[in-house]
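Colleague: show me the folded form of this:
(one chain, ligands or ions: 1)
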Amino acid sequence: MFGRKKPLWGEKPPLSSGYDAVIIGGGLHGLATAYFLAARHNMKNIAVIEKRYIGFGGAGRNTAIVRANQRTQENLPLYKEGLELWPVLTKELDFNLMFYNCGNLNLAHSEAALKAMRLQTASAQFHGIDIRLVDRKECKELIPCLDISDRPRYPVYGGMFHPAGGIVRHDAVVWGLAKGAAKHGVHIHQGTQVTAINTDKGRITSVDTDKGKINTPRVLNAAGAYSAALSWHMLGIKLPISVLTIQAMVTQPLKPLLDHVVSSGMYHCYANQTLKGEIATGAHMDPWPNYTNQNSAHYIKHQAEALGEFLPCLRGVKFMRCWAGLADMTPDMAPIIDGNDPFQGYYTDCGWGYFGFKSSIVTGKYMAEYMASGQCPDMLKPFNMRRFENHRLMGETAALVNYSPDN
Ligand SMILES: Cc1cc2nc3c(=O)[nH]c(=O)nc-3n(C[C@H](O)[C@H](O)[C@H](O)COP(=O)(O)OP(=O)(O)OC[C@H]3O[C@@H](n4cnc5c(N)ncnc54)[C@H](O)[C@@H]3O)c2cc1C
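Modeller: Numbers count the residues shown, from 1 in each chain. Here you go, the predicted structure:
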């Protein structure tokens, strides 16, 4: 991309005074929805408005893990289809998204964790997802450098292996979707900020940007960590979202030693080896709400200690880079996907926490269907905002740590 005279998604288009749909946020969800609206629903007059550059948010900061080992019947089919879409989209976009189907191993460090995994495995298998329980010896066969002795603070009891999961190159997804969307006529406006959403008689009429006003009957709020603030300040809709800093880092490149993504809820740490040989690791979130894209010393210490405990061969390895992004967490750790409520033409796709990469393509596909038809597809119905008002939260909580003050 760098050194090119123009980006992959073409020359900067002029800001039109009217679009059939305006998508706020050039992240994964905004770009995916724009792509599917244009490619599948023939809605060509669409704008993606991005205040910085595409991929600025979580889209360009995530650790690119994809999997379908969620917990609830509402989430499992969505993530299953999401996982199956990566090779399809690679072909469709004619762009190498670098889907690396290496599989994910989640470690259990107690009998209780194993029991929870048994339940999770059964639910996933019921939905046809490729996943199985493994004992500690099989964990060692999958990850030879794993310490399965009694030495670590939290010894390994077994795990849940999900061969269908893996890694996809996140930048490639951003660039591939942007290129694909632009090819179908979508206007991508970087460096442009939506400053207001205007309504009349309960309908969306236009948005204001720092570059001018845009008339439109449809707006999608796909502003990631900023979506709740945007919805509250521009439309008075309060979303139950807390924003927390999530951090990640990579080591120096090493010889191949880790064939799968390995994660531990107890250590609150995951790791995988990138195609360049670096060990990418993350999971830690500062447990207080904030909007800081900065790393903390606390995190670096936590991550190094956790990694060195269950993968002791990594002790002494140097960290090369660390970075941070924001996670928009809901109380039930499931997203908010809604439309036409309370304003006709207003759509929301946010609250993705740290699951928003793996879900982006499939959600974009269904969100495009929703925006084109006005009818909510069955797949998205469980994620409506009213579930919070009706106290019907989903039990998607898949870790031992409570992230939000709402929990
Ligand atoms: C360190 C880290 C690791 C992660 N690891 C994983 C992982 O392994 N797997 C996984 O599935 N997920 C992971 N995630 C989560 C994932 O990255 C996010 O859930 C996902 O990026 C959310 O996508 P999005 O499109 O909703 O938002 P974003 O990608 O954040 O995009 C939102 C965009 O909206 C723009 N915007 C905001 N306000 C305005 C405005 N007023 N006008 C115009 N534009 C605006 C922002 O600039 C931003 O670019 C991780 C996140 C982080 C930070």
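
Colleague: and the longest helix belonging to the chain, what's buried?
Modeller: Selection of the longest helix in the chain by residue count, based on DSSP state H, yields helix 75-93. Neighbour counts using 16 or more other C-beta atoms under 10 Å place 75-83, 85-86, 89-90, 93 of helix 75-93 among the buried residues. Using the backbone N, CA and C atoms, a C-beta is placed for each residue, glycine as well.

Colleague: between those, which is closest to Ser359?
Modeller: Within these, the smallest distance to Ser359 is 5.3 Å, found for Gly82 (C-beta to C-beta).

Colleague: ok, that closest one - contacts?
Modeller: Applying C-beta atoms under 8 Å, 6 or more residues apart in numbering, one finds that Gly82 lies in contact with 66, 68, 358-363.

Colleague: take these and write them to TSV, including secondary structure and pLDDT.
Modeller: TSV is the format used below for the contacts of Gly82 (DSSP: H, G, I helix; E, B strand; the rest coil; pLDDT from 0 to 100):
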residue	secondary structure	pLDDT
Val66	strand	97
Ala68	coil	95
Lys358	coil	97
Ser359	coil	97
Ser360	helix	98
Ile361	helix	98
Val362	helix	98
Thr363	helix	98
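
Colleague: filter those residues to the buried ones?
Modeller: Buried by 16+ other C-beta under 10 Å: 66, 68, 358-363, out of those.

Colleague: of the residues you listed, which ones also sit close to the ligand?
Modeller: Of the entries in the buried ones among the contacts of Gly82, those that also sit close to the ligand under the rule C-beta under 6 Å from any ligand atom are Lys358.

Colleague: redo the buried ones among the contacts of Gly82 as JSON lines? Include distance to Val219.
Modeller: Formatted as JSON lines, the buried ones among the contacts of Gly82 follow (distance: C-beta to C-beta, whole Å):
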{"residue": "Val66", "distance to Val219": "28"}
{"residue": "Ala68", "distance to Val219": "30"}
{"residue": "Lys358", "distance to Val219": "25"}
{"residue": "Ser359", "distance to Val219": "21"}
{"residue": "Ser360", "distance to Val219": "19"}
{"residue": "Ile361", "distance to Val219": "21"}
{"residue": "Val362", "distance to Val219": "21"}
{"residue": "Thr363", "distance to Val219": "17"}
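
Colleague: and which of the buried ones among the contacts of Gly82 is nearest to the ligand?
Modeller: Lys358 (3.7 Å; C-beta to the nearest ligand atom).

Colleague: now do the contacts for the closest residue to that closest one other than its chain neighbours.
Modeller: Sequence neighbours aside, Val66 is the residue nearest to Lys358 in space, at 4.2 Å (criterion: C-beta to C-beta, 6 or more residues apart in numbering). Contacts for Val66 (C-beta under 8 Å, 6+ apart) come out as 82-83, 86, 99, 165-168, 357-358.

Colleague: hmm, back to that, same question for the helix or strand following the longest helix of the chain, mean pLDDT?
Modeller: Later in the chain than helix 75-93, the nearest helix or strand by DSSP states H and E is strand 104-108. pLDDT averaged over strand 104-108 equals 98, rounded to a whole number.
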